[in-house]
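A.B. asks: for reference, the sequence and a predicted model appear below.
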Amino acid sequence: NAGVTQTPKFQVLKTGQSMTLQCAQDMNHEYMSWYRQDPGMGLRLIHYSVGAGITDQGEVPNGYNVSRSTTEDFPLRLLSAAPSQTSVYFCASSRGADTQYFGPGTRLTVL
Amino acid sequence: DQQVKQNSPSLSVQEGRISILNCDYTNSMFDYFLWYKKYPAEGPTFLISISSIKDKNEDGRFTVFLNKSAKHLSLHIVPSQPGDSAVYFCAASGVDSSYKLIFGSGTRLLVRP
């Protein structure tokens, strides 16, 4: 039971490039979320999903897309990276309205 | 405007003494509150939670107190241990939407041996 896994751990992009941050969980959790953590600002919710095929926006969704085709996976897509998206990204999952379990994070730098 | 505020960026405490971390919130719709602990290069891990129908919840050395009228909660750690040194985040949500957490900015706790 690996819990919540995220890949890659580190990524450097140039402005305008696209990429996908991967998130997978093996706990059969319905709920999955993406957060970003910036210095002095805590974690902010980007997008979330309450089940396969269902996604919705969080506090800071602009510049990011998500999809949820399976229960296990919840990828986060940056279509055209900007320096303002330099951050640490955390994926989380939970069973219903229960405690969220977080992955180890992806540190992204956009030059 | 931040809905969840942790006004102390850092706290230093002697081993064995009590650590008190504070959190204030502004949204009266919040009815579920959590504390997460985070070590460097790791994701946050759940520590303890409290719903708005309670004013206190204990789990071993950790106790969370909720004062709804003041929109204030606090985390007490007693006795503090060096392994407790980490960043502590307060978070809030509706009780049926804990997958949509609003986080505070965190307090870095240092427990000195």
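C.D. replies: Perfect, thanks for sending it.
A.B. asks: tell me which element the residue nearest to B:Phe62 when sequence neighbours are not counted falls in.
C.D. replies: Spatially, and ignoring its direct neighbours in sequence, B:Phe62 is nearest to B:Ile48 (5.0 Å; Cβ to Cβ, 6 or more residues apart in numbering or on different chains). All C-beta atoms are positioned from the backbone trio N, CA, C, and that covers glycine. Using DSSP states H and E, B:Ile48 falls within strand B:45-51.
A.B. asks: gap between the residue nearest in space to the middle of chain A and chain B?
C.D. replies: Closest residue to the average C-alpha location of chain A: A:Trp34 at 3.3 Å, with Cα atoms, centre = their mean. Separation of A:Trp34 from chain B (Cβ to the nearest Cβ, to the nearest Å): 11 Å.
A.B. asks: quick one, what contacts that residue?
C.D. replies: Residues near A:Trp34 by Cβ atoms under 8 Å, 6 or more residues apart in numbering or on different chains: A:21, A:23, A:45-48, A:58, A:64, A:66, A:74, A:76, A:89-92.
A.B. asks: restrict the residues you listed to those near chain B?
C.D. replies: A:Leu45, A:Tyr48, A:Gly58, A:Phe90, A:Ala92 (Cβ under 8 Å from any Cβ of the partner chain).
A.B. asks: buried ones in the helix or strand encompassing the second one?
C.D. replies: Secondary structure from DSSP H and E places A:Tyr48 in strand A:43-51. Buried residues in strand A:43-51, counted by 16 or more other Cβ atoms under 10 Å in any protein chain shown: A:Leu43, A:Arg44, A:Leu45, A:Ile46, A:His47, A:Tyr48, A:Ser49, A:Val50.
A.B. asks: which residues sit against that strand?
C.D. replies: Outside strand A:43-51, the residues that reach it (Cβ under 8 Å, 6+ apart) are A:30-38, A:55-61, A:64, A:66, A:68, A:71, A:74, A:76, A:89-90, B:44, B:89, B:91, B:99-103.
A.B. asks: hmm, 6 Å instead?
C.D. replies: With Cβ atoms under 6 Å, 6 or more residues apart in numbering or on different chains as the test, strand A:43-51 has contacts from A:30-37, A:55-61, A:64, A:66, A:68, A:74, B:99-100, B:103.
A.B. asks: now stretch A:16-33
C.D. replies: A:2, A:4-7, A:13, A:48-51, A:72-81, A:89, A:91-95, A:106, B:99.
A.B. asks: quick one: the strands in chain A?
C.D. replies: A:4-7, A:10-13, A:19-25, A:31-37, A:43-51, A:54-57, A:64-66, A:76-78, A:87-94, A:101-102, A:106-110 (DSSP state E).
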